[in-house]
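*Asks:* With the sequence up front, the predicted model follows.
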Amino acid sequence: MTSTTHDAQDNIEPEHNQADHHDDHHEAMPTGIKRWLFTTNHKDIGTLYLWFSFIMFLTGGAMAMVIRAELFQPGLQLVEPNFFNQMTTVHGLIMVFGAVMPAFTGLANWLIPMMIGAPDMALPRMNNWSFWILPFAFAILLSSLFMEGGGPNFGWTFYAPLSTTYSPDSTALFVFSVHIMGMSSIMGAINVVVTIVNMRAPGMTWMKLPLFVWTWLITAFLLIAVMPVLAGTVTMVLTDKYFGTSFFDAAGGGDPVMFQHIFWFFGHPEVYIMILPSFGIISAIVPAFSRKPLFGYSSMVYATASIAILSFLVWAHHMFTTGMPVFAELFFMYCTMLIAVPTGVKVFNWVATMWRGSISFETPMLFAVAFIILFTIGGFSGLMLAITPVDFQYHDTYFVVAHFHYVLVTGAIFSIMAAAYYWLPKWTGNMYDEKWGKIHFWTSVISVNVLFFPMHFLGLAGMPRRIPDYAVQFADVNQIVSIGGFAFGLSQLIFLYVVIKCIRSGEKAEAKPWDGAEGLEWTLPSPAPYHSFSTPPEIK
Amino acid sequence: MEKAESNKKLISMLIAGAIGMFGFGFALVPLYDVLCEQLGINGKTSSTASSYQAMTIDKSRTVTVEFMAQIQSDMPWEFTPEMKRMQVHPGELIRTNFKAINLSTEETLGQAIPSVSPGQGAAYFNKTECFCFNQQRLTAKASAELPLIFFVDPDLPESISTLTLSYTLYNITDRGYVDAIEQGAAR
Ligand code: HEM
Ligand SMILES: [Cu+2]
């Protein structure tokens, strides 16, 4: 790992010329919308994914604002309960499938070829397809909100019979949109695997791969394993609702509890799909700003792999209250706790990397450090939830909401923001505005804790999730939470401002703007040329 | 080109994996049923009548059996157990009734689905006769006594002292007769 960079560094000039030279041979690049519609360039597609993800982040965020506005006071004020349910459902679906997952795919597109010294992704045309079907999926999902009877209102987990017997007429649209999202993810994952396996520059051996590449490789396998199961689940919902099958209907011999087993067989690996690439990002940023090599590289690889394998054995921790036999409760409880071990190894390694490092706190590092602390809090609340007997009290309360927002917002999303700040100079050729980046960080990190930390207490006190009204004793805390929510939402507009400003102007970035950064991408000039590594770099 | 070759091979393996996992999702359905049945964990009682051979009744032990009756929201019937709870000795053959009244002005077809709690007790709850083995048809405003004859297996684990048998009655008028039977509704 460490040795690769410096050797490859000498390549900057020749590589640059090579790229320019290469451009001459291309036919005139289409301009305007056509460039983006027909592009097969990994950097263009990465950019498309990232912007799409950001738009979805704001869309899902707007729905969260509706939810928090309604919950500002007890009683029903702003929206109908059915609309509230649609907001919680579509907020969840959009954030999971529209914001977090496409952001990671966008980062994979931008970074993996540059990190392994490949000219592009292995399957550029499929790459174009996997992006361009996504906007259609979300257009279908969002349009269902305007249908008679409303959009999906059964929670992002679409438990039967809520999604079958009691679901709105528009459910078929929900099903098709999930099918398309699944296709897109599977194609993206296949592309990532083929690229990493077959396109590494000579000398880029497995144990020299940057961790972001490793974590994405493992994530891609998880995606290929579980997205088809999700597709199967929504298909069963579709046939149960419209074609008279009874997979989940007890009256016809089916079983609604089986829905939960099949869904969570997908669902738990899915939550790791949303966090493993984060681990890769943090493992790149922490050493860069600690000016020390990553502590325990190989243990990071093994920890990632064991988390991925274990993630298939813990799904029923979402179902402790369904009346499972005691031995199953215990099995899933212990397996779940076991996952905390490799996760703990990772946190330990990051802290050990920082230990006695010469640390500086630019915005990417601030987000990375916040990630480590706040993700760990999310891991701890996860451990509390993993204790079967207490989960009977916590299940379906705001405690669960607090848990998964700590791991997903201050975990996955903070890592995505850290990544954006860290690689923006490489993408745009300009430095972002450090002052505004820091303002974005501090407003976000304060408001996100005002938003999610008190939810733990609401949950412990018994406030159920996904309900538009609540008992009056929860009013004060909910008001605080809502204020945190609005502040966090507004803070993200600062991020938009910083990114646009960085694209348009800003100090010119050097090839390697972070003195401690490691990796082949920093051997390329900033902005990275449209075609890079057309001849593979040499790695010793 | 060699690269293209190995790409193709890898892609077809990955696509095969994805298709396989799609199939696996559906394979989970029968797998789930088999596992539940083998391990006796889902509270599902047998869908066929058990036969009762004269056996020693374990007078030293009493088990509380509770009955619950629920209706699905679109079922226009009233459905109640005759007795809410009783004390039985394992091995004893017991008869009890449920009462169903069709409150609507239309003929309705119902299917009761049993479930035993705790789930591990289901395998020891044997029904020699049950209205849940068949669909029930009630004409407008009609009522019926629905018989249930059962015995508790003397091998019932010591740790279980109460068995709760819960029926949910579903409206299957629109589904038609054959459909539900084919799907093994009475499990
Ligand atoms: C130490 C690691 C973790 C443990 C022990 C853990 C444990 C749990 C448990 C037991 C639940 C079920 C709570 C209930 O419904 O009663 C849960 C829910 C959840 N967890 Fe985690 N978790 C961990 C890490 C993560 C990570 C890394 C993510 C995602 C990045 C995540 C996302 C979620 C989500 C989204 C839910 C709620 C799903 C829903 O019902 O909507 N968890 N977790
Ligand atoms: Cu889980």
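*Replies:* The structure has been received and is ready for your questions. Ligands and ions are numbered 1, 2, ... in the order given.

*Asks:* Only C-alpha atoms from now on, for both contacts and neighbour counts.
*Replies:* Fine.

*Asks:* Residue A:299 belongs to a helix?
*Replies:* Yes. If the criterion is DSSP: H, G, I helix; E, B strand; the rest coil, then residue A:299 is within a helix.

*Asks:* residues near it, how many?
*Replies:* 14 (other CA atoms under 10 Å in any protein chain shown).

*Asks:* What segments of the stretch 51-200 of chain A are helices?
*Replies:* A:81-93, A:101-116, A:124-143, A:171-198 (DSSP state H, counting those that start in this stretch).

*Asks:* Any part of the first one near ligand 1?
*Replies:* No. If you take CA under 6 Å from any ligand atom as the test, helix A:81-93 misses ligand 1, and the best it gets is 8.2 Å.

*Asks:* Touching stretch A:435-443 from outside, list them.
*Replies:* Contact with stretch A:435-443 is made by A:362, A:363, A:366, A:367, A:421, A:487, A:488, A:491, A:492, A:494, A:495, A:498, as judged by CA atoms under 8 Å, 6 or more residues apart in numbering or on different chains.

*Asks:* What's the local residue count around the spatially closest residue to residue A:537 that is not a sequence neighbour?
*Replies:* The spatial neighbour of residue A:537 that comes closest, neighbours along the chain excluded (CA to CA, 6 or more residues apart in numbering or on different chains), is residue A:117 at 6.1 Å. By the measure other CA under 10 Å, the count of residues near residue A:117 is 26.

*Asks:* ok so, going back, for ligand 1, state which of the contacts of stretch A:435-443 is nearest.
*Replies:* Closest approach between these and ligand 1, by CA to the nearest ligand atom: residue A:367, at 16.2 Å.

*Asks:* What helix or strand is the closest one located in?
*Replies:* If you go by DSSP states H and E, residue A:367 is part of helix A:363-386.

*Asks:* residues of that helix that come out buried?
*Replies:* A:363-372, A:374-379, A:381-386 (16 or more other CA atoms under 10 Å in any protein chain shown).

*Asks:* how far away is the residue nearest to residue A:537 from residue A:533?
*Replies:* Using CA to CA, to the nearest Å, residue A:117 is found at 6 Å from residue A:533.

*Asks:* again with residue A:214
*Replies:* Distance from residue A:214 to residue A:533, by CA to CA: 20 Å.

*Asks:* ok, now residue A:234?
*Replies:* With the distance defined as CA to CA, residue A:234 ends up 42 Å from residue A:533.

*Asks:* try residue A:359
*Replies:* 31 Å.

*Asks:* Of these two, which one has the most company?
*Replies:* Shown here are residue A:359 and residue A:533; by other CA under 10 Å, residue A:533 has more neighbours (23 against 17).

*Asks:* which residue sits closest to the more buried one, ignoring its sequence neighbours?
*Replies:* residue A:119 (4.8 Å).

*Asks:* tell me the contacts of the closest residue to ligand 1 within the stretch 1-150 of chain A?
*Replies:* Closest contact between the stretch 1-150 of chain A and ligand 1, by CA to the nearest ligand atom, is at residue A:92 (8.2 Å). Shown in contact with residue A:92 (CA under 8 Å, 6+ apart): A:60, A:155, A:156.

*Asks:* ranking those residues by neighbours, who comes first?
*Replies:* The residue in the contacts of residue A:92 with the most neighbours, by other CA under 10 Å, is residue A:60 (22 neighbours).

*Asks:* Correct me if wrong: that residue contacts residue A:88.
*Replies:* No. With contact defined as CA atoms under 8 Å, residue A:60 and residue A:88 do not form a contacting pair (9.5 Å).

*Asks:* Quick check: which ranges of the chain have low pLDDT?
*Replies:* Going with chain A. Chain A contains residues with pLDDT under 70 at A:1-28, A:540.

*Asks:* please go with chain B instead
*Replies:* Applying pLDDT under 70 to chain B flags residues B:1-2, B:176-187.

*Asks:* Show me where it has its helices.
*Replies:* B:2-39, B:177-182 (DSSP state H).

*Asks:* roughly how far apart are residue A:526 and ligand 1?
*Replies:* 32 Å (CA to the nearest ligand atom, to the nearest Å).

*Asks:* Quick one: classify that residue as helix, strand or coil.
*Replies:* Classified using three-state DSSP, residue A:526 is coil.

*Asks:* Tell me where chain B has strands.
*Replies:* Along chain B, counting by DSSP state E, strands occupy B:63-71, B:77-81, B:85-88, B:94-102, B:108-117, B:125-130, B:136-138, B:143-152, B:162-171.

*Asks:* would TSV of the ones you listed with mean neighbour count be doable?
*Replies:* Listed next are the strands of chain B as TSV, based on neighbours: other CA atoms under 10 Å in any protein chain shown:
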stretch	mean neighbour count
strand B:63-71	18
strand B:77-81	21
strand B:85-88	15
strand B:94-102	18
strand B:108-117	23
strand B:125-130	21
strand B:136-138	18
strand B:143-152	18
strand B:162-171	21
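
*Asks:* Format those as a markdown table; extra columns: distance to residue A:36.
*Replies:* Formatted as a markdown table, the strands of chain B follow (distance: least, CA to CA, whole Å):
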| stretch | distance to residue A:36 |
| --- | --- |
| strand B:63-71 | 56 |
| strand B:77-81 | 61 |
| strand B:85-88 | 70 |
| strand B:94-102 | 64 |
| strand B:108-117 | 56 |
| strand B:125-130 | 65 |
| strand B:136-138 | 62 |
| strand B:143-152 | 68 |
| strand B:162-171 | 54 |
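
*Asks:* Alright, I will stop here.
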